[in-house]
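Participant: Structure here, sequence nowhere to be found:
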């Protein structure tokens, strides 16, 4: 044990709150812990930051190692430093939230994780550490971000109907959204493009498919435009 | 040096980005460093987290030690973990932003700080470490928060005019705000209360004084109300 310091030091970890959307409800990716503490308990993917590693790199690496998922939008939202949050010793964790398309990613557990499974965000099992509190904060963060940045589109398939977009917002915000007003606001921002002659067919009448236009968003932002849904 | 670990560990610090408003522009509190590295350079108040200390407690303690300021609203906004941000070794810093009334607080430097001074937020000196980048992120965070939470009122005196409130928003957002629309939105939310027979007198005609009503805000929030300015 050659690493010696004048004062005691906390260990540093990262944790990832990965959200998905299956068209019905908001999903959350959890792993079953293969090691103590909390062996066998469900937890967020995450682990120790190497001393020569950037925080986001550590989050991406741990997520990939434990779940096989790599192509996600990661955003840091809070550091959790409660003194007794880890039974071993003082551990400070920098938490990231990630948004991904559910169908792109079939999770595959490895390293410290026995299983990696999508849960319904509002039906979670008992969790290790303070991960319940971390998830709660991630949800609060997601709810405020999704209203002012077009990040929700990362959760949808590339082509989507306005009903799917509305369903996503209802799932994230946890409340009903007035459909007429919502559609009006979405279309007024001119950030979604109707795809010519592309419709989703189902039990109801065919629904127009749209795609999000990220270039248009970048242009609008430069001229002071504020996304708001 | 009795503290040894199996793997090398980063040191953990906190930094505080303290904003004030003097009625003219947004202000930022800096200290002059009394110690190496960057001795004599301006920097954010902050320092090392004790291993048995909560993160916010460390931020509050360091802010008080270095500037004498204690009554502030502190909010964590981001951890900064760039590998080379400190010339000594790997140091990860959890950054807080704080809002305070300028006239409540005359800063007084002590411990590691030679001076504590309010600067104009858009005329900052050359700074130590990555503090310029931390401040930039704090500003981005403040700009998005101030629009969806009534935190701006912490920067104003308890009694204020709508012109002062507008000036604050213009300073924070860094752009002009349409006055008629702004007043209409403020008054429509019914979060500010006109003070009976209290006016600010000056060169112009007397201006109605208002106060913010935090209880009313708590009530409104429970019923799903969303602050928006």
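Facilitator: Perfect, I can see it now. Given the structure is predicted, the values throughout are model-derived calculations rather than measurements. Residues are numbered from 1 along each chain as shown, chains lettered A, B, ... in the order given.
Participant: Show me which residues of chain A sit near chain B.
Facilitator: Contact residues (CB under 8 Å from any CB of the partner chain) of chain A with chain B: A:1-12, A:48-55, A:76, A:78-79, A:81-83, A:90, A:92, A:94, A:144, A:147-148, A:175, A:224. (Each C-beta comes from the backbone N, C-alpha and C, glycine too.)
Participant: buried sites along stretch A:30-40?
Facilitator: By neighbour count, with 16 or more other CB atoms under 10 Å in any protein chain shown as the criterion, the buried positions of stretch A:30-40 are A:30-33, A:38.
Participant: Hmm, I typed the wrong one, I wanted stretch A:41-54.
Facilitator: For stretch A:41-54, a neighbour-count test (16+ other CB under 10 Å) marks A:41-50, A:53 as buried.
Participant: Out of the residues of chain A next to chain B, which end up buried?
Facilitator: By the neighbour-count criterion of 16+ other CB under 10 Å, the residues of chain A next to chain B include these buried positions: A:9-12, A:48-50, A:53, A:55, A:76, A:78-79, A:81, A:83, A:90, A:92, A:94, A:147.
Participant: Partner strands of the top strand by length along chain A and their direction?
Facilitator: Looking across chain A with DSSP state E, the single longest strand is strand A:11-21. Sheet partners assigned to strand A:11-21 using DSSP bridges are listed as strand A:26-33 (antiparallel), strand A:46-48 (antiparallel), strand A:91-99 (parallel).
Participant: mind giving me CSV with these and columns for mean pLDDT?
Facilitator: Written out in CSV, the entries for these read as follows (pLDDT from 0 to 100):
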stretch, mean pLDDT
strand A:26-33, 96
strand A:46-48, 97
strand A:91-99, 96
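Participant: Quick one: these as JSON lines, columns for distance to residue A:217 too.
Facilitator: Putting these into JSON lines (distance: least, CB to CB, whole Å) gives the following:
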{"stretch": "strand A:26-33", "distance to residue A:217": "23"}
{"stretch": "strand A:46-48", "distance to residue A:217": "30"}
{"stretch": "strand A:91-99", "distance to residue A:217": "16"}
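Participant: tell me the domain boundaries of chain A?
Facilitator: Domain ranges of chain A: A:11-148, A:156-222, per automatic domain parsing.
Participant: Out of these, which is the most enclosed?
Facilitator: Using mean count of other CB atoms under 10 Å in any protein chain shown, the stretch among the domains of chain A with the greatest mean number of neighbours is domain A:11-148 (a mean of 19).
Participant: Wait, a helix at residue A:220?
Facilitator: Yes. Per DSSP: H, G, I helix; E, B strand; the rest coil, residue A:220 lies within a helix segment.
Participant: hey, what's the closest residue to residue A:121 other than its chain neighbours bridged with?
Facilitator: Spatially, and ignoring its direct neighbours in sequence, residue A:121 is nearest to residue A:26 (4.0 Å; CB to CB, 6 or more residues apart in numbering or on different chains). Beta bridges link residue A:26 to residue A:21 when assigned by DSSP bridges.
Participant: Contacts only, for residue A:26.
Facilitator: A:19-20, A:120-122, A:171-172 (CB atoms under 8 Å, 6 or more residues apart in numbering or on different chains).
Participant: how does it look with 10 Å?
Facilitator: By CB atoms under 10 Å, 6 or more residues apart in numbering or on different chains, the contact list for residue A:26 reads A:19-20, A:119-122, A:139, A:142, A:155, A:168, A:170-174.
Participant: Can you tell me which of these is nearest residue B:135?
Facilitator: residue A:142 (25.8 Å; CB to CB).
Participant: Remind me which helix or strand that closest one belongs to.
Facilitator: helix A:131-148 (DSSP states H and E).
Participant: Can you tell me how far residue A:197 is from chain B?
Facilitator: Residue A:197 sits 38 Å away from chain B, taking CB to the nearest CB, to the nearest Å as the criterion.
Participant: Same question for residue A:200.
Facilitator: Distance of residue A:200 to chain B, given as CB to the nearest CB: 31 Å.
Participant: Contacts only, for that residue.
Facilitator: A:159-161, A:163-164, A:206-209.
Participant: Nearest to residue A:190 among those residues?
Facilitator: Closest to residue A:190 out of the contacts of residue A:200 is residue A:208 (15.1 Å), distances taken as CB to CB.
Participant: Distance check, residue A:120 against chain B.
Facilitator: Applying CB to the nearest CB, one obtains 23 Å for the distance of residue A:120 from chain B.
Participant: Quick check: that residue touching residue A:21?
Facilitator: No. Here residue A:120 lies out of contact with residue A:21, judged by CB atoms under 10 Å, at a distance of 11.1 Å.
Participant: need the helices for chain A, in chain order.
Facilitator: Counting by DSSP state H, chain A has these helices, from start to end: A:55-67, A:131-148, A:162-173, A:179-188, A:214-222.
Participant: With mean pLDDT added, can I get those in CSV?
Facilitator: Converted to CSV, those look like this (pLDDT from 0 to 100):
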stretch, mean pLDDT
helix A:55-67, 96
helix A:131-148, 93
helix A:162-173, 94
helix A:179-188, 92
helix A:214-222, 90
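Participant: just so I know, which of these lies nearest residue B:102?
Facilitator: Using CB to CB, the nearest of these to residue B:102 is helix A:131-148, at 27.6 Å.
Participant: So which elements touch that closest one?
Facilitator: Under the contact criterion of 3 or more CB pairs under 10 Å, 6 or more residues apart in numbering or on different chains; DSSP states H and E, helix A:131-148 touches strand A:11-21, strand A:26-33, strand A:42-43, strand A:73-80, strand A:91-99, helix A:162-173, helix B:131-148.
Participant: repeat that for 7 Å
Facilitator: Identification of packing neighbours for helix A:131-148 by 3 or more CB pairs under 7 Å, 6 or more residues apart in numbering or on different chains; DSSP states H and E yields strand A:11-21, strand A:73-80, strand A:91-99, helix A:162-173.
Participant: Packing partners of the last one?
Facilitator: Applying 3+ CB pairs under 7 Å, 6+ apart, we find helix A:162-173 packed against helix A:131-148, helix A:179-188.
Participant: Let me know the angle separating the first one from strand A:73-80.
Facilitator: Here the directions of helix A:131-148 and strand A:73-80 differ by 130 degrees (axes from the mean of the first three to the mean of the last three CA atoms, to 10 degrees).
Participant: One more: the shortest one?
Facilitator: What separates the directions of helix A:179-188 and strand A:73-80 is an angle of 110 degrees, with the same axes, to 10 degrees.
Participant: re the thing from before, nearest to residue B:217, out of the domains of chain A?
Facilitator: Between residue B:217 and the domains of chain A, the tightest spacing by CB to CB is seen for domain A:11-148, at 15.9 Å.
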